[in-house]
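*Asks:* Sequence first, then the predicted structure:
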Amino acid sequence: MNNTSSLKLVCGLEIHAELKTASKMFCGCKNDPFHAPQPNCYTCPVCLGLPGALPVANKRAIEWTIKLGLALGCKINLYSKFDRKHYFYPDLPKGYQISQYDLPFCYDGVLETTEGPVKITRIHLEEDTGKLLHKTVNGNKVSLIDFNRSSVPLIEIVSEPDIRSAAQAKEYAKKMREILRALDIADCDMEQGGMRLEANTSLKESGVTTLPNYKVEVKNINSFRFLEQAISYEIQRQTAILESGKTPTQETRGYNPEKSETFPQRSKESAEDYRYFPDPDLPPLRFTNDQIEQWRTELPELPSARAKRWIELYKIEARFAESLSTNQEKAPILEAYFKAAQKSSLDTNKVASAIDNNRLVLVTSIDLVPESFASYQASIATTAVDSTAIEPIIQKVLADNPDIVAKYAAGQHQVIGFLMGQVMKELTIKPNPTELQTLIRATLQQTK
Ligand SMILES: [Zn+2]
């Protein structure tokens, strides 16, 4: 957006992520579409949509969806159900997708970003579709379908249009991936399509409180960088249209990373087009408050909470706390280093900085931390020779030992060892011996 424009971005994100349950959403087939040895090997009558096949909901996938909702501060619908969303596409053999319409498992949550909170409208659970492969076989262009992905559990997280910049959209999406990974419910492999981003964008005059009368949806974005670029492009494109007195078309667009441009795909259907209705094969679901509260107690500490705690407890700078706290597996090992630093009255923030800059290489198990920390401590103790601080001490030692200085002058260079010992007695750190010796020799030369 150029500086003279008073138009502001209005943006909400829809994030799809495949859950990493052992089996698919409504059948017992293996849920492993990206590592399958061949196409269509993890299929059965249910996920192929054959007549008469009956779906059974995956309990674990439901539990994980609700736990994600709890982690994002959502309210949980104690009564919920699955609905059929009707549309035709070759990768959807049933002619409908099992999804959730008016009673999603989770609603009204929030995710904090540095530019302010982004409210979460809803999180629902659905099934993924098959995957179309466009190939040339024997010189003919063909479209093939792989149903290994058909009916893989897929969550959709819908935000309110609270996002005000392309950078904030990127931060929100990245934080969402951190949370999904921290909960250990999704791998979020973006290149493979395990996590997909969609941005609903429009612009409004600053000060206007109502939403714009149009919305452009940019679909199937598979990287955080492309998300940021696509939104920036839309801001420019829509600004130009609005400033010429027209309204951008309500439509779905794709993103071309090579050109850094979005392009029109189709005009948008409204929700009624899908003719949603409750799936008669799947009974409605009821949860109790006790069950929800039990799941809440099972949530792990999330990266944002951990960063906050580390800042307070170990006085670690926010930038290090934020970058280090995201790895759920390494977190206990990192914390063991901070505890060790605190115990030996070492500057914990320096240790955090050393880890963040790979000057301190983390061990793989918590049992190895004491040894690793001790050698780190020794390494910093022997390298940190501050010549300006040591110089006066050397001067003092030389002044106190004129006979030794005389011996050195007379060629008995081995006495330097005695002088080094005297200097070291005065220091609180253990200096690098070679550097210290060089400094003492230099001082001896000067005093000659
Ligand atoms: Zn199946």
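*Replies:* Perfect, thanks for sending it.

*Asks:* Over to the residue of the stretch 101-250 of the chain found nearest the ion. Which of the three states is it?
*Replies:* Nearest residue of the stretch 101-250 of the chain to the ion: S151, at 6.0 Å (Cβ to the ion). Just so you know, the C-beta spots here come from the backbone N, C-alpha and C atoms, and that holds for glycine as well. At S151 the chain is in coil, as set by DSSP: H, G, I helix; E, B strand; the rest coil.

*Asks:* Then the one 3 residues further on?
*Replies:* Under three-state DSSP, L154 falls in the strand class.

*Asks:* Number of residues surrounding the spatially closest residue to it that is not a sequence neighbour?
*Replies:* Spatial nearest neighbour of L154, excluding adjacent residues (Cβ to Cβ, 6 or more residues apart in numbering): D128 at 4.4 Å. Neighbour count of D128, defined by other Cβ atoms under 10 Å: 25.

*Asks:* do the same with N213
*Replies:* Considering only other Cβ under 10 Å, N213 is surrounded by 9 other residues.

*Asks:* Pull up the per-residue confidence for it.
*Replies:* Model confidence at N213, expressed as pLDDT, equals 92.

*Asks:* isn't the residue of the stretch 101-250 of the chain closest to the ion right next to C47, touching?
*Replies:* Yes - at 3.9 Å, S151 counts as touching C47 under the criterion of Cβ atoms under 8 Å.

*Asks:* From T113, how far off is the residue nearest to L154?
*Replies:* 28 Å (Cβ to Cβ, to the nearest Å).

*Asks:* Tell me how many other residues crowd P283.
*Replies:* 11.

*Asks:* Return the distance of it relative to G95.
*Replies:* 22 Å.

*Asks:* show me the contacts for A307.
*Replies:* 318, 321-322, 324-325 (Cβ atoms under 8 Å, 6 or more residues apart in numbering).

*Asks:* distance of it from the ion?
*Replies:* 41 Å (Cβ to the ion, to the nearest Å).

*Asks:* mind listing what's buried in the strand or helix carrying that residue?
*Replies:* According to DSSP states H and E, A307 maps onto helix 303-314. Buried positions in helix 303-314, judged by neighbour count with 16 or more other Cβ atoms under 10 Å: 303-304, 306-307, 310-311, 314.

*Asks:* likewise stretch 183-191?
*Replies:* Applying 16+ other Cβ under 10 Å to stretch 183-191 flags 183, 185-188, 190 as buried.

*Asks:* Tell me the span between the first and last residue of that stretch.
*Replies:* 21 Å (Cα to Cα, to the nearest Å).

*Asks:* How about residues contacting it?
*Replies:* 17-20, 34, 64, 67-68, 71, 155, 177, 180-181, 194-196, 222-224, 299-300, 302, 328.

*Asks:* likewise stretch 408-427?
*Replies:* Contacts of stretch 408-427 (Cβ under 8 Å, 6+ apart): 390, 393-394, 396-398, 400-401, 404, 407, 430-431, 433, 436-437, 440-441, 444, 448.

*Asks:* what's the overlap in contacts for S151 and C47?
*Replies:* In contact with both S151 and C47: 24, 26-27, 29, using Cβ under 8 Å, 6+ apart.

*Asks:* filter those down to the ones close to the ion.
*Replies:* 27, 29 (Cβ under 5 Å from the ion).

*Asks:* returning to that earlier point: can you tell me which of the contacts of A307 is closest to T348?
*Replies:* A321 (10.4 Å; Cβ to Cβ).

*Asks:* show me the residues around that closest one that make contact.
*Replies:* Neighbours of A321 in contact, by Cβ under 8 Å, 6+ apart: 306-308, 310-311, 352.

*Asks:* Output those residues in a markdown table; the columns should cover pLDDT.
*Replies:* Listed next are the contacts of A321 as a markdown table, based on pLDDT from 0 to 100:
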| residue | pLDDT |
| --- | --- |
| R306 | 95 |
| A307 | 94 |
| K308 | 94 |
| W310 | 96 |
| I311 | 96 |
| A352 | 93 |
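
*Asks:* what's the most distant pair in those residues?
*Replies:* K308 and A352 (14.3 Å).

*Asks:* re earlier: got the CA positions of the helix holding A307 in PDB?
*Replies:* Extracted in PDB, the C-alpha atoms of helix 303-314 (Å, rounded to 0.1, in the frame of the first residue of the first chain):
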ATOM      1  CA  PRO A 303       6.000 -22.200  23.500                       C
ATOM      2  CA  SER A 304       4.500 -18.800  24.300                       C
ATOM      3  CA  ALA A 305       3.900 -19.700  27.900                       C
ATOM      4  CA  ARG A 306       7.400 -21.300  28.200                       C
ATOM      5  CA  ALA A 307       9.100 -18.200  26.700                       C
ATOM      6  CA  LYS A 308       7.300 -16.000  29.200                       C
ATOM      7  CA  ARG A 309       8.300 -18.200  32.100                       C
ATOM      8  CA  TRP A 310      12.000 -18.300  31.000                       C
ATOM      9  CA  ILE A 311      12.100 -14.500  30.700                       C
ATOM     10  CA  GLU A 312      10.800 -14.200  34.300                       C
ATOM     11  CA  LEU A 313      12.600 -17.100  35.900                       C
ATOM     12  CA  TYR A 314      16.000 -17.000  34.200                       C
END
